[in-house]
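Engineer: Just to be clear, the model below is a prediction. Sequence and coordinates:
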Amino acid sequence: MKDNKKNSGFWMVILCLALLVCIGCVGFIGFRLYENDKAKKQYEQLRQEVEETETESETDAKTTLEEIESRPFDGWNDGDTPTLPDDVRTELADNPIDFEKLQEINPEIYAWIEIPDTQIDYPVAQSTYDDSYYLSHNIYGEPEFAGCIYTEMANRLDFSDPVTVMYGHNMRNGSMFQNLHLFEDPEFFEENRYVYVYTPQRRLTYEVFAAYSYDDVHLLNAFDFSDEEVFRQYLEDVLGGISMGQNTRKDVTVTTKDRILTLSTCMGGQTGARYLVQAVLRKNEKTK
């Protein structure tokens with residue numbers, strides 16, 4: 001009789017513990033979903049506040065490859081100031097982003113990235129003291145699992161490095177850099193060529209040339225891209241196919257004279273892997 005009571009008590013304790021664990025898990029999942037939804041709404045509101053109504057100049061940014069290649073980027077001079085053809089200098093595009101308002105929110109916001117036909121339309125920040133800060137903080141400086149889109153201190157803020165790496169979480173609700181995975185689809189990859197980056201004075205147009213899964217090596221630490229031979233070999237490897245299932249644009253020429261933007265996010269369920277979308281700078285315009 002006593003044994004039955006002991007067994008009954010033991011299983012009652014187990015049941016209570018299991019119930020508490022279940023409640024805790026449901027609560028955690030609910031909190032995470034709430035936080036993700038909150039972050040998504042914050043960015044939607046922010047876009048409305050800082051993005052002006054689309055103008056003819058903004059629409060014109062989405063040009064054909066022929067138009068872009070007719071006015072190639074001339075590179076940077078010794079002072080790292082972008083040098084542009086005269087016709088580009090005189091045709092100043094409108095800048096649809098209110099950077100004054102953004103920098104009132106956070107002075108570490110220095111750019112904005114947009115990829116047409118995706119949800120990627122976000123401010124870009126860079127911490128002045130901790131590369132991992134924006135992994136877990138939003139642009140308001142608040143702790144948040146979704147973090148924000150960011151670069152690290154190894155990259156300059158004018159996008160003049162041989163390779164600039166931009167990071168964002170792979171969020172299940174489709175926010176941050178989750179939509180980079182759309183480039184896994186060959187048809188989507190073929191139909192979506194361009195990435196646009198705005199800074200307070202410039203609009204940079206990049207052409208996507210490769211999208212693939214890679215290991216989680218830190219690119220800027222693993223490769224010295226300032227070494228032309230290292231950079232050349234790296235580009236040769238990527239363009240030759242560095243990963244199974246890679247999408248590569250065969251008609252795009254990329255050399256060590258070019259400037260590359262690498263967009264990096266996680267692979268779902270693969271802790272040691274990253275998904276990279278890489279694009280080459282095709283046009284660098286001053287803006288009003």
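Structural biologist: Okay, I see it. Numbers count the residues shown, from 1 in each chain.

Engineer: Tell me which stretches of the stretch 51-200 of the chain form helices.
Structural biologist: 56-60, 65-70, 86-90, 99-105, 186-191 (DSSP state H, counting those that start in this stretch).

Engineer: okay, now the spatially closest residue to residue 106 that is not a sequence neighbour: neighbour count?
Structural biologist: Distances taken as CB to CB, 6 or more residues apart in numbering put residue 139 closest to residue 106, at 5.0 Å, once the chain neighbours are dropped. C-beta here means a position set from N, CA and C on the backbone, and glycine is covered the same way. Counted with other CB atoms under 10 Å, the neighbours of residue 139 add up to 23.

Engineer: Repeat that for residue 210.
Structural biologist: By other CB under 10 Å, neighbour count at residue 210 equals 25.

Engineer: just checking, what packs against the strand or helix carrying it?
Structural biologist: Element membership for residue 210, per DSSP states H and E: strand 202-215. Judged by 3 or more CB pairs under 8 Å, 6 or more residues apart in numbering; DSSP states H and E, strand 202-215 is in contact with helix 65-70, strand 194-198, helix 228-240, strand 247-248, strand 260-267, strand 270-286.

Engineer: Swap in 6 Å and give it another go.
Structural biologist: Applying 3 or more CB pairs under 6 Å, 6 or more residues apart in numbering; DSSP states H and E, we find strand 202-215 packed against strand 270-286.

Engineer: could you dump the strand it packs on to CSV, C-alpha only?
Structural biologist: Once non-C-alpha atoms are left out, strand 270-286 reads as follows in CSV (Å, rounded to 0.1, in the frame of the first residue of the first chain):
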residue,chain,number,x,y,z
GLN,A,270,23.3,23.7,-40.2
THR,A,271,25.3,25.4,-37.5
GLY,A,272,28.6,25.3,-39.4
ALA,A,273,27.3,26.7,-42.6
ARG,A,274,26.4,30.1,-44.1
TYR,A,275,24.6,31.1,-47.3
LEU,A,276,26.3,33.8,-49.3
VAL,A,277,25.1,36.0,-52.0
GLN,A,278,27.8,37.9,-53.8
ALA,A,279,27.5,40.9,-56.0
VAL,A,280,29.9,43.2,-57.9
LEU,A,281,29.7,47.0,-57.9
ARG,A,282,28.5,48.2,-61.3
LYS,A,283,27.5,51.8,-60.7
ASN,A,284,28.4,54.3,-58.0
GLU,A,285,26.4,57.5,-58.2
LYS,A,286,26.4,60.7,-56.2
